Each structure stands twice: as structure tokens, then as C-alpha cells.
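# Got a predicted model here, sequence first, then my questions.
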Number of protein chains: 4
Amino acid sequence: MAKRETSTRQAILKAAIEIAGESGITAATMDDIAVRAGVAKGSLYYNFASKDEIFATVLQQALVRLTERFELAVEGKTGVDAMRALVEVFLERIVNDTALIKIVAAEIFRTDRSWVVPFGIARDSALAVFERAIKEIGEERGSPTPQPKLLASAAFGAVLVAGLEWSVFEPETPRTVVTDTLIDPVIRLFLS
Amino acid sequence: MAKRETSTRQAILKAAIEIAGESGITAATMDDIAVRAGVAKGSLYYNFASKDEIFATVLQQALVRLTERFELAVEGKTGVDAMRALVEVFLERIVNDTALIKIVAAEIFRTDRSWVVPFGIARDSALAVFERAIKEIGEERGSPTPQPKLLASAAFGAVLVAGLEWSVFEPETPRTVVTDTLIDPVIRLFLS
Amino acid sequence: MAKRETSTRQAILKAAIEIAGESGITAATMDDIAVRAGVAKGSLYYNFASKDEIFATVLQQALVRLTERFELAVEGKTGVDAMRALVEVFLERIVNDTALIKIVAAEIFRTDRSWVVPFGIARDSALAVFERAIKEIGEERGSPTPQPKLLASAAFGAVLVAGLEWSVFEPETPRTVVTDTLIDPVIRLFLS
Amino acid sequence: MAKRETSTRQAILKAAIEIAGESGITAATMDDIAVRAGVAKGSLYYNFASKDEIFATVLQQALVRLTERFELAVEGKTGVDAMRALVEVFLERIVNDTALIKIVAAEIFRTDRSWVVPFGIARDSALAVFERAIKEIGEERGSPTPQPKLLASAAFGAVLVAGLEWSVFEPETPRTVVTDTLIDPVIRLFLS
DNA sequence: GATGAATGAGTGTTCATTCAT
DNA sequence: AATGAATGAACACTCATTCAT
């Protein structure tokens, strides 16, 4: 299942992310991707079966790696501390990988793609890290948080939209300001 | 500027929203739209200059009407009460117009469209209603909220993502549960 | 099922036959066909769903019309007279529609095409006319011909290959010579 | 001219025949051939200059070997006996090398190939064996057969088409039945 | 003697747009 | 006010061929 990631494959995936981050997946052409990756179009098809497979790989990797970062960030932390770390690392990801996050944001509610199922699973893994922190906050405070999954989406959405708003439209604002502004409000989401 | 909205135009816009809600704007074809609207393809071009104009109109109308609903909801209310009303009406819109909201969500961070400018203005109007309520909350509490625009995005994003998560992936959950779960946490976002 | 044969459709089919008669179906490109038909490539797809559909139509029509000619030729005749008429009309078809017959000849034993089934049925109809005449010859002579279907193929093949040999490689030989040379030998195939 | 036939070359030619017998020469890809032959694609080009050269070799060898078989079969025989032997050996070849014969059948009237000339010469050699037998039959009977070349094609075509009809569509019929059914009729072709 | 990653011209197909009616 | 046949540029994908190893 797991293809060895040769440098050509990596160059293609990187180019695909850049192009699709600018114009969306459907509008990203294989020609554009090939040119950006510095390879011939044939190489795209030598390394991936189809455009769909390229973006299925992109989205899969994006969420798997995002989840890894989340897991790494919460390591040794629980509850409020964990959530704090999640917001920080998520914002860091948004600003340093804006193109990729934009793709994820645009795909997150589409149900007509060939990759719905694996993408859905990967998405759930990412949200699960938020959900776990939310539950821990409830436990810490002695009152289990209701609907933790829905609240995980809310927290994810708050950071995602605010973070992209900042990264796409007001990138000159320093990250510390954004982080400082968002962390406490997001934590408060769960202090019923 | 404002074209008379004949029934044919309305049928076309309705069809365009349905199709694009299912597959995204780029993947929505003029043929699909014509068939769904029950008119000949030529009629699309009799009523709109281009596909771009159709979707510029769709997005423009979507945000204008959403803003109108927001304004209506906050009428006579301020601060916390206004925000409460905003969350409620936004969730109502998400569940009753999921296709349209999905389109808005997918377009919100794209900067390569012919309609970026008008869409950006319309989006700012919608966010401004949230921002106003946020500022009022700060005033009510005697301490002006910092970065109200960023927090408006966060609130908007929290409701948007949680609402779509519910509407798209778990539509069987009753709306009251979703509203009850989200309102207080979202309000708390701003109670620094 | 039966599409109206507009002049554009007819022009496309005619062009497809010419091109494929020269280079075979697989090597016939949609571009070539469009140019030869004097229409834009898009017109090919407005009138036919695919290249496969074009050639399914070509082959279907070819055999249906060939069968019609066979039926017409044997009308009011039986046995030897019918077979004589079949050989004559088949040779006439070969020389006046060489491109089409070449396509049929090249496809007749392929089993990997989307049109195998309808083509097979149409081919059997054509061979059935030969088979009927063969059976009648047996009856006229009082001894039923064994394996009439196999002999029908033999007669069909004899005329087809000899006729194409003549039409493709020695077209200067007058048709009467070919007809006179082939009719009696072919008849004799069945005079056990 | 004659390359040494290494086992790799033979494996490639065998694979090429199998693939092209299934889907035709144009649709047979070098990748398919390499996989079927169990060699890397580069080996194809190490052993043959091009795809054209592979199939020129295939067709050349096919007809040369077929002619050798014909020559061997008629050795020591003349006229009717020779023709009888030719039909028998041809049917044997058709059933035991169906893929190859299908390729020959599909190529026999094509004039757009790089190998037209050598293939034409080889084809004429094969037909010449038939022609010789036909002439002998005429001599045996004291009246020279007119148009022996055309009749050779007719005999060749009769056996080819009936044989393939049997081999491809009704392979369960025993060979003796087919041979018994065809030999006498084919002989009668020439008993003017 | 053989390999397989890489190539790019060429293929079938799509689709926003036009225009005569 | 509306139609639908026709268009052609652009697209995803294929495949014979090359070449460094």
C-alpha cells in the first residue's frame, strides 16, 4: 500500500499542493503540475495512476501528518494544556502550509470524491485529538462535556477559519498576536 | 446592476446552487445546470453572460441574503443576545440551505476567482454583523475586546464547520441539540 | 434506439469509414475523422457518445445493409440461382464499398470490442442468407448438405478474400472477369 | 538480415503474437508485451529496433513458416492430392495457432503498414503454393484453369474464414468434422 | 545483455461559448 | 424570450521511445 516516496513523487506532490492551493483541485491541471514539478507530464502518470490518485495521496498525507503533529503537540499534556498546544500547532501549520490547509478546507465537506472514505477516516483521526482534549477538560472540571465531537468540530473550525483569514488576507499580523488572541477564547469554548 | 429576477433566472440560479453544492463550482457544467433548470443551454446565455456571472450572482446573493438574515436576527438586540440570535439563525441557514453554504465555504479562501472583490465585500458585510455583536459584548463588560475581526472569523468558523459537520455527516441529530450545544460555548468565546 | 440520421451524422459515419478503411479502426483518430467529415471535433461528440459508438454504428449499419442487399438479391430465387445472385451482389459491394468491407473483414474475428454482441448478431444475419441458399441447394438435389453454417462461412470467405484481393491489389481486372471466374467454383462448393 | 533468435527474442515474439491476437496490433502496447514476455520494457528495444520491427518479424515469420508447412505438406503430391493436404495443414495451423492467424487475417488487406512490401511478398509465396496445386489440377484434367491466382485467394479465403469461424466461435466442434466438411467442397472449387 | 524511470507527442473526451433560427 | 446544433481550446491520459545505469 505505502509507495516508497521517491524524490520525483515528492516533487509532484509538492507541485500539486502548490497549484491546488492557488486554484482548487479541479482547476489544477496535470500540465501545470508537471511544469511546476519540473518533470514531463508522462512522469506524473509513471508515478501516479491518475490525477485523483495524486490528490487522494495529498489529502491523505496532509491529514496524517497534521494528526501526527497534533499527537506530538499533546504528548505529555492533558485537558486545557493539550488544547492550548493544539491551537498553537494548528496555527503554525496554517501559516507555514497555507496551500495545503486551503485544500483540506475546501475538500472537507465534499462527498463526491473518489477519496471520501480514506479522507473521512483521516479527518476523524485529526478531530479525535481535539475531542480527547475536550473530554479531558470536562473530566478535569468534574462535569463531562456534552457532544464532544460537535465541539471538536467547532474548535477546529474556529481555528481553521480564523487562521486562514489571517494567513490569506492579513498575513502581516504577527503570529503571536493571532495565537494570543485565539487561545484563551478557544479554551473558553469548553469551560461550561 | 440589479437584473430583474425572472422565473427563468431564478430556476437557473437554483439549479446552479444544487449542482455546485453537490460537486463544486468548477465541476458544475452548464449542461448539468440547464438540464436541472429545465431550460435549453442557450437560455443560460440569454439570461447570464457566462458561467462566472452565474456563480458570481449565486455567491453575491448568498452572502447578501445571509447578511440580511443576520441583520434581521439582531434587530433590537445587542451584545450577548445578538450573538445568540446570530448563532441560531446561522445554524438554521446551514441546515436549510446546505448546498449554498457548502459553496460559500469552499469559495471563502479562494483568491483566483473573477468575483473575488464583490465576494470579499459581501463576506466582510456578513462578518461585520458578528464583529459588531462582539464589540458590544466587550462594551457591556467594560473591557473592549481585542482583535474583534479575528474573533468574528473564529465564531463564524466555529458555527460554520460544526454546523456543516452536523448537516452533512450527522443530519439525524435534532437542530435543538446542536443549537443548545453550540450557543453557550460560542458566547463564551468572547467573555474574556 | 434508432437515431435520426442527420446529414452531420452521415458525414461523420462516411468519414469514419473512409479513414478506418485506410488504416484500421484503432489507428483512425477522431481528429482525422473530424477533418475528413468537415466538422469540428466537438461535433463528433455532439452526435456520438464516443469513438466506440461511431464504429459500432458503422459496423452495425454495414452488416444490416449488406444483409438487406443479400435479401433483395435472393428475392424470388432459390438454391443455385440464389447463391449465384449472392456472389454477384457481394462482389459488387466489395468493389463499390471496399473501405467498409475491409473494416468488416478486419473486425470479423475480434472478440475484444464493445460491439461484439450486436456485431455478432448482425454477422449471423448476413451469413444466414448464405446458409439458407446452401440448404436449398441440398434440398433441390435431394441430399441435405451437412454443416451448412460452416459452408456458409467458407463461401462468404472465398468471395470476401478473392474479392478484396482483386479490389485492393488488382483493381484493373474487370468485374465481369472476377464474377465469371468465381460464380461457378463457389456454386460447386455445394454440389456434393 | 536474419538475427539470431535468442530465447529473449523468442519470448518477446511469442508475447507479441498472444497480445495482438487478442486485441490487434495497434492496440497491443509495448508494456503489455514486456509484461507478458516477462522482460523489462528496455529489453524490447535492446532486441528490436521498434514495435514495427517486432510485428514485421511476427508477420514475416508467420507467413514464412506457414509457407514452409504448405511446402512440406504438398511434398511428393500434385493436383487434387496436394490441395487436399493444403486444406488439412491450413486448418491444423488455424486451430493450433489461432492468435497468429487472426493477426495475419487482419493485416492481409492493409496497405498502410511499414511492412507492406515484405509482407506482400511473403503472402504471395504462401498463395503460390495454392496456385501451383490449382494449376496442376487443371493440367490433370486437360483444361488449364483460368485465373488461378484469383482462385487461390478464394480457396485460401474459404479455409481461412471457415477455419477461424470454427476456431474462434465454435471451438468445440472436432477438427475431423471441419476437415471432412471442407476438403471436398474446396477441391470441387477447381473441378470446372 | 538488460533494466526501468523518464519523456513528450499524440489520443479520446469535455465543456464554456456562439449563433442561426 | 428561447433554442440546440456546432465549435475548438483545453483537459486527463496513453504509449512508443530514450538513456543512464
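Received, thanks.
# Show the pLDDT at A:Phe190.
Listed pLDDT for A:Phe190 reads 86.
# Just give the nearest non-adjacent residue to it, would you?
The shortest distance from A:Phe190 to any non-neighbouring residue, by CB to CB, 6 or more residues apart in numbering or on different chains, is to A:Ile137 (4.7 Å). C-betas here are computed from N, CA, C, even on glycine.
# Now the residue in chain A that chain D sits nearest to: which helix or strand?
Chain A approaches chain D most closely through A:Tyr46 (11.1 Å), counting by CB to the nearest CB. Per DSSP states H and E, A:Tyr46 falls inside helix A:41-47.
# That helix: which residues count as buried?
A:43-44, A:47 (16 or more other CB atoms under 10 Å in any protein chain shown).
# got it, and stretch A:99-106?
A:100-106.
# The residue of chain A closest to chain D and D:Val95: what is the separation?
Distance from A:Tyr46 to D:Val95, counting by CB to CB, to the nearest Å: 41 Å.
# on that earlier part again, reformat the buried residues of helix A:41-47 as JSON lines; add distance to DNA strand F and pLDDT.
Putting those into JSON lines (distance: CB to the nearest atom of the strand, whole Å; pLDDT from 0 to 100) gives the following:
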{"residue": "A:Ser43", "distance to DNA strand F": "8", "pLDDT": "96"}
{"residue": "A:Leu44", "distance to DNA strand F": "7", "pLDDT": "96"}
{"residue": "A:Asn47", "distance to DNA strand F": "11", "pLDDT": "96"}
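# What separation do you get for A:Asn47 and A:Ala16?
For A:Asn47, the distance to A:Ala16 - CB to CB - is 11 Å.
# Oops, could you answer that again for A:Val104 instead?
A:Val104 sits 13 Å away from A:Ala16, taking CB to CB as the criterion.
# again with A:Ala82
Taking CB to CB, one finds A:Ala82 at 32 Å from A:Ala16.
# Show the model's pLDDT score for A:Phe55.
A:Phe55 is assigned 96 on the pLDDT scale.
# Contacts only, for the residue nearest to it when sequence neighbours are not counted.
Distances taken as CB to CB, 6+ apart place A:Ile25 nearest to A:Phe55, at 5.3 Å, with adjacent residues excluded. When contacts are counted by CB atoms under 8 Å, 6 or more residues apart in numbering or on different chains, A:Ile25 touches A:55, A:103, A:106-107.
# Is A:Leu44 in contact with A:Phe55, as I believe?
No - applying CB atoms under 8 Å as the test, A:Leu44 and A:Phe55 come out as separate, 11.8 Å apart.
# show me what contacts A:Asp31?
So A:Asp31 contacts A:Lys41 (CB under 8 Å, 6+ apart).
# one step back: which strands and helices sit next to the helix holding A:Tyr46?
helix A:7-23, helix A:30-37 (3 or more CB pairs under 8 Å, 6 or more residues apart in numbering or on different chains; DSSP states H and E).
# Output the ones you listed as CSV; include the columns mean pLDDT and distance to B:Thr179.
CSV is the format used below for these (pLDDT from 0 to 100; distance: least, CB to CB, whole Å):
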stretch, mean pLDDT, distance to B:Thr179
helix A:7-23, 94, 34
helix A:30-37, 96, 43
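# would you list these in JSON lines and tack on distance to DNA strand E?
Shown next, in JSON lines, are these (distance: least, CB to the nearest atom of the strand, whole Å):
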{"stretch": "helix A:7-23", "distance to DNA strand E": "4"}
{"stretch": "helix A:30-37", "distance to DNA strand E": "8"}
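# Please produce CSV containing those, extended by distance to C:Val74.
Listed next are these as CSV, based on distance: least, CB to CB, whole Å:
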stretch, distance to C:Val74
helix A:7-23, 64
helix A:30-37, 56
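# Okay, buried residues for the host helix or strand of A:Leu63 please.
If you go by DSSP H and E, A:Leu63 is part of helix A:51-74. For helix A:51-74, burial by neighbour count (16+ other CB under 10 Å) applies to A:51, A:53-59, A:62-63, A:66-67, A:69-70, A:73-74.
# and which of those is nearest D:Val39?
Nearest to D:Val39 among the buried residues of helix A:51-74: A:Glu53, at 26.9 Å, using CB to CB.
# State the distance from the closest one to DNA strand E.
15 Å (CB to the nearest atom of the strand, to the nearest Å).
# Kindly provide the distance from that residue to C:Thr181.
Distance of A:Glu53 to C:Thr181, given as CB to CB: 60 Å.
# Tell me how many other residues surround A:Asp184.
Close neighbours of A:Asp184, defined as other CB atoms under 10 Å in any protein chain shown, add up to 13.
# That one: what's it in contact with?
B:Ser192.
# so where does it fall, helix or strand?
helix A:175-188.
# And chain A, what are its domain boundaries?
With domains defined by automatic domain parsing, chain A comprises A:1-48, A:56-188.
# which stretch in the ones you listed has the least confidence?
Least confidently modelled of these is domain A:1-48, at a mean of 90 by mean pLDDT.
# How about A:Leu127, nearest residue that isn't a chain neighbour?
Counting by CB to CB, 6+ apart, A:Ala152 is the residue found nearest to A:Leu127 once chain neighbours are left out, at 4.9 Å.
# before we move on, what about A:Ile108?
Leaving aside its chain neighbours, A:Ile108 sits nearest to A:Arg123 (6.6 Å; criterion: CB to CB, 6+ apart).
# Need the contact partners of the strand or helix carrying the one you found.
Element membership for A:Arg123, per DSSP H and E: helix A:116-140. Helix A:116-140 is contacted from outside by A:56, A:59-60, A:63-64, A:66-67, A:70-71, A:74, A:78-80, A:82-83, A:86, A:107-108, A:110, A:113, A:144-145, A:148-149, A:151-153, A:155-156, A:190-192, using CB under 8 Å, 6+ apart.
# what's the angle from the helix holding A:Leu63 to helix A:30-37?
Here helix A:51-74 points in a direction 50 degrees away from that of helix A:30-37 (axes from the mean of the first three to the mean of the last three CA atoms, to 10 degrees).
# Is DNA strand F within reach of helix A:51-74?
Yes - legend: contact between helix A:51-74 and DNA strand F by CB under 7 Å from any atom of the strand is shown at A:51-52.
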